[in-house]
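Novice: The following comprises the amino acid sequence and a computationally predicted model.
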Amino acid sequence: MDTVTLQANAKINLGLDVLRRRLDGYHEVKMIMQTVGISDRLTFARTEESGIFIRTDREDLPGDEHNLIWKAVRRMQETYGLCGGVRVRLEKKIPIAAGMAGGSADAAAAIHAVDALYGLGLGLEEKQAVGVKIGADVPYCLMGGTALSEGIGEVLTPLPAPPQASLVIAKPPLDVSTKFVYENLHADRLTDHPDIDGVAACIRSGDLRGMASRLSNVLETVTAKHYPVIEERKAFLRESGALAALMSGSGPTVFGIFEEEETAREAYDRLRKAAVLDQVFLTGFTA
Ligand code: ATP
């Protein structure tokens, strides 16, 4: 196989808890991961010339060793002793620095693509072993769908898809560094912890309203405190008929869950007019 084109889907968190900070600085998390219908498109090709050549349609993204795609391809080359090089074209749709794991999703796509281009025939676990060295969300992005994520993000339990719902997703015009948010989180001082097991149980029993009533993300204690726009967007979505609204990951992306597609579409139209600088999407859960 000479070229391969893949979609890399964004994720949201249907609940995010941080249990503690480990001595090595990593945080132990417990979160529900869910892929949504916002995706990057990546095309990979083998080249005779050795190296990793990345072209993107976004000027603000690095094309060099700072790109997570580069890191993923390099890991694969080193781990499996691959010869030649890889050329990558990235068409970016997932908001950047948004709490939607866009970079991790691209890295996961790169691992799948290199496996396919070189006919390695790796299993999911082997790919995840490479992925976790690039980022804690990469093992999840390699599988996608709905999952309970524990440990530093690498202990994954697949869940069934949640009941059908519509989503309005808004990324306000600010970039939030995940590192900044975790550094300013005092995990040992958190008094309210989300009911992640309850969310998982509602997903398993197909109870959308039960799931929505338990949505909670401890990282809001940092991001929403610094950026009032987070609570403003959540309130807007709730007032527009969302069952619930929550920040995804470390933010600033906020999503609202709607039972009716028509209500979601109206909310989407209203929000696009009210927040012209936001990136706004109308979408749903994906497998
Ligand atoms: P997470 O939800 O995993 O914290 P995020 O959505 O907050 O991720 P990303 O969009 O993945 O953040 O990217 C964060 C940083 O990583 C950006 O500053 C960006 O420059 C860098 N980066 C490197 N490679 C990529 C890539 N392929 N796509 C997006 N960002 C990338």
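Specialist: Right, received. Where do you want to start? Numbers count the residues shown, from 1 in each chain.
Novice: Helices of the stretch 101-250 of the chain, start to end?
Specialist: 102-117, 124-131, 138-143, 178-183, 196-205, 208-213, 220-226, 229-239 (DSSP state H, counting those that start in this stretch).
Novice: for these, which one sits closest to residue 190?
Specialist: Closest of the helices of the stretch 101-250 of the chain to residue 190 is helix 220-226, at 7.2 Å (criterion: Cβ to Cβ). (Glycine included, C-beta is placed from N, CA and C.)
Novice: how much space is there between residue 240 and residue 280?
Specialist: Note on residue 240: its distance to residue 280, by Cβ to Cβ, to the nearest Å, is 12 Å.
Novice: any shared contact partners between the two?
Specialist: Residues touching both residue 240 and residue 280 (Cβ atoms under 8 Å, 6 or more residues apart in numbering): 168, 271.
Novice: could the helices of the stretch 101-250 of the chain go into CSV alongside mean neighbour count, distance to residue 18 and mean pLDDT?
Specialist: Putting the helices of the stretch 101-250 of the chain into CSV (neighbours: other Cβ atoms under 10 Å; distance: least, Cβ to Cβ, whole Å; pLDDT from 0 to 100) gives the following:
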stretch, mean neighbour count, distance to residue 18, mean pLDDT
helix 102-117, 25, 18, 98
helix 124-131, 18, 21, 97
helix 138-143, 26, 16, 98
helix 178-183, 15, 8, 91
helix 196-205, 18, 11, 98
helix 208-213, 18, 20, 98
helix 220-226, 18, 10, 94
helix 229-239, 19, 17, 98
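Novice: Quick one: closest of the ones you listed to the ligand.
Specialist: The ligand sits nearest to helix 102-117 of all the helices of the stretch 101-250 of the chain, at 2.8 Å, using Cβ to the nearest ligand atom.
Novice: The closest one packs against which elements?
Specialist: Identification of packing neighbours for helix 102-117 by 3 or more Cβ pairs under 8 Å, 6 or more residues apart in numbering; DSSP states H and E yields strand 3-21, strand 27-47, helix 68-80, strand 85-91, helix 124-131, helix 138-143.
Novice: so which of these gets nearest residue 114?
Specialist: Closest of the helices and strands packed on helix 102-117 to residue 114 is helix 68-80, at 4.1 Å (criterion: Cβ to Cβ).
Novice: Residues contacting that closest one, please?
Specialist: Residues beyond helix 68-80 that count as contacts (Cβ under 8 Å, 6+ apart) turn out to be 42, 52, 54, 63-65, 82, 86, 88, 90, 103-104, 106-111, 114-115, 118, 120, 130-131, 133-135, 138.
Novice: still on that earlier bit, now the helices of the stretch 101-250 of the chain as JSON lines including distance to the ligand?
Specialist: JSON lines is the format used below for the helices of the stretch 101-250 of the chain (distance: least, Cβ to the nearest ligand atom, whole Å):
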{"stretch": "helix 102-117", "distance to the ligand": "3"}
{"stretch": "helix 124-131", "distance to the ligand": "12"}
{"stretch": "helix 138-143", "distance to the ligand": "9"}
{"stretch": "helix 178-183", "distance to the ligand": "4"}
{"stretch": "helix 196-205", "distance to the ligand": "17"}
{"stretch": "helix 208-213", "distance to the ligand": "21"}
{"stretch": "helix 220-226", "distance to the ligand": "11"}
{"stretch": "helix 229-239", "distance to the ligand": "14"}
